[in-house]
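Enquirer: Let's see this in three dimensions:
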Amino acid sequence: MHHSIEVQDLTFSYPDGHPALRGVSFMIAPGEKVALVGPNGAGKSTLLLHLNGILRGAGQVTVCGQVLTDKTVGAIRSAVGMVFEDPDDQLFSPTVFDDVAFGPMYQGLPKPEVSSRVAAALSAVGMADRATRISHHLSSGEKKRIAIATVLAMEPEVLALDEPTSGLDPRARRGLIRLLGDLPMTMLVSTHDLRMVHELLPRTIILDAGLIAADGPTSDLLADPELLQAHGLEAP
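Expert: You can find the predicted model right below:
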């Protein structure tokens, strides 16, 4: 059985020479839900962008048994659903239906299959009645759900989410946490929301200055105030 994600000695520097990742290695098993936490500038978003080849550093990234290369990047992008912090980065079509249908249509699926996937994805995020709405007229919480639906319609094996609860009011946040808890796929969630981490994600990786500072059961890491304080985090 292959791991969903396997990262080995991943190193990446930005064009200005700033090292963002410095020899990062970890594995995530199928179905595992993992938090990625750390201070601003730790390299969390940079790491997520390596999982589907948007960024390419030194080292090796393997997703669902395939090593990330120029030849496999297309298949890996189908396997990893990336949900960005700002849903407006993912919503650009005239209607919600069109946004969610974009990925399956781009894959060349027949129209009945596209419609079926859109219906299933919108139903999964509790937005089945929003298909004809204009995405940019929705609330922040609704946009987050639609952004997740655009990814679910591609039927990925892995979800990579960047700050999924940022900017949400308490009700929308609660609904999103419930939604993510119900989804069966492997997840890596970059977040500052340690209350969500405590509730939703059994394993936590702490990233700081491009290095993994800790990796273990969420309950253990969040119960260590000195560890959290050392890496700019506050216990929930």
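Enquirer: From now on I want contacts and neighbour counts done on CA atoms only, so please keep to that.
Expert: Fine.
Enquirer: what bits of the protein have low per-residue confidence?
Expert: 1 (pLDDT under 70).
Enquirer: That one: strands as residue ranges?
Expert: 5-13, 19-28, 33-37, 58-63, 66-67, 80-83, 158-162, 186-190, 203-208, 211-217 (DSSP state E).
Enquirer: Next, the buried residues of the first one.
Expert: Of all the residues in strand 5-13, those buried under the rule 16 or more other C-alpha atoms under 10 Å are 5-7, 9-13.
Enquirer: what's the spacing between stretch 97-112 and its chain's center?
Expert: A distance of 21 Å separates the centroid of the chain from that of stretch 97-112, by C-alpha atoms, centre = their mean, to the nearest Å.
Enquirer: meant to ask about stretch 120-134, not that
Expert: That offset, for stretch 120-134, works out to 20 Å (C-alpha atoms, centre = their mean).
Enquirer: Among the buried residues of strand 5-13, which one sits closest to residue 141?
Expert: residue 5 (28.2 Å; C-alpha to C-alpha).
Enquirer: my guess is the closest one meets residue 28, correct?
Expert: Yes. Using C-alpha atoms under 8 Å, residue 5 makes contact with residue 28 at a distance of 5.1 Å.
Enquirer: ok, back up a step: so which of the strands of the chain gets nearest residue 129?
Expert: Going by C-alpha to C-alpha, the one of the strands of the chain nearest residue 129 is strand 80-83, 21.5 Å.
Enquirer: Give me the distance between residue 153 and residue 121.
Expert: Counting by C-alpha to C-alpha, to the nearest Å, the gap from residue 153 to residue 121 is 5 Å.
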